[in-house]
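Undergrad: sequence and predicted model, in that order:
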Amino acid sequence: MTANKELVRRFNREIIQNGNLEVFRDLVAPDFVNRTAAPGAPNGPEGFLAFFTQVLRRAFTDLQVEIHDQIEENGKVVTRKTLAGTHTGPFLGHAPTGRRITIQVTDIVRIEGGKYAEHWGSADLHGALAQITSA
């Protein structure tokens, strides 16, 4: 496994899954740009971190990440993964349901100098919301 793929795996394991925010600054460049930040949200490191702390980890306190595939080319790592967790906090305007929810995600991360420099992501939020709102 390449160093860049391992960096992305570490980010997913340490920050997304384990909530270890101490390593965030070690893995993300100060001039990082999130190309898929929510409209009106800051697209730099602080906005990226806020998504994990104020959205994902609040909604799914037992969040797990399963990486299915990774492809690397020209300093970019593409990762296909599944996020899974129990819906214990508000998520996208929906009160907690106690249901186990999965979110399919594909990320592209450009690595520069051993840190996240840029991010593009696509998450199946429609599928997640369908799981939350289903009877």
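TA: That came through, no problem. Numbers count the residues shown, from 1 in each chain.

Undergrad: from here on, just use CA atoms for contacts and neighbour counts.
TA: Noted.

Undergrad: start and end of stretch 10-17, how far apart?
TA: Distance across stretch 10-17, first residue to last, is 10 Å (C-alpha to C-alpha, to the nearest Å).

Undergrad: likewise stretch 27-45?
TA: Start and end residues of stretch 27-45 are separated by 10 Å (C-alpha to C-alpha).

Undergrad: can you pull the buried residues of that stretch?
TA: 27-29, 32-34, 37, 43-45 (16 or more other C-alpha atoms under 10 Å).

Undergrad: name the SS class of the spatially most central residue of the chain, please.
TA: By C-alpha atoms, centre = their mean, the chain has its centre lying nearest to I16, at 5.9 Å. Under DSSP: H, G, I helix; E, B strand; the rest coil, I16 falls in the helix class.

Undergrad: once you drop chain neighbours, what's closest to it?
TA: Closest residue in space to I16, ignoring its immediate chain neighbours: F52 at 6.5 Å, by C-alpha to C-alpha, 6 or more residues apart in numbering.

Undergrad: now that neighbour: phi and psi?
TA: Note on F52: its backbone torsions stand at phi -70, psi -40 [degrees, to the nearest 10].

Undergrad: and it, how many neighbours?
TA: 17 (other C-alpha atoms under 10 Å).

Undergrad: buried stuff in the longest strand along the chain?
TA: If you go by DSSP state E, the chain has its longest strand at strand 100-112. Neighbour counts using 16+ other C-alpha under 10 Å place 100-111 of strand 100-112 among the buried residues.

Undergrad: lovely, talk soon.
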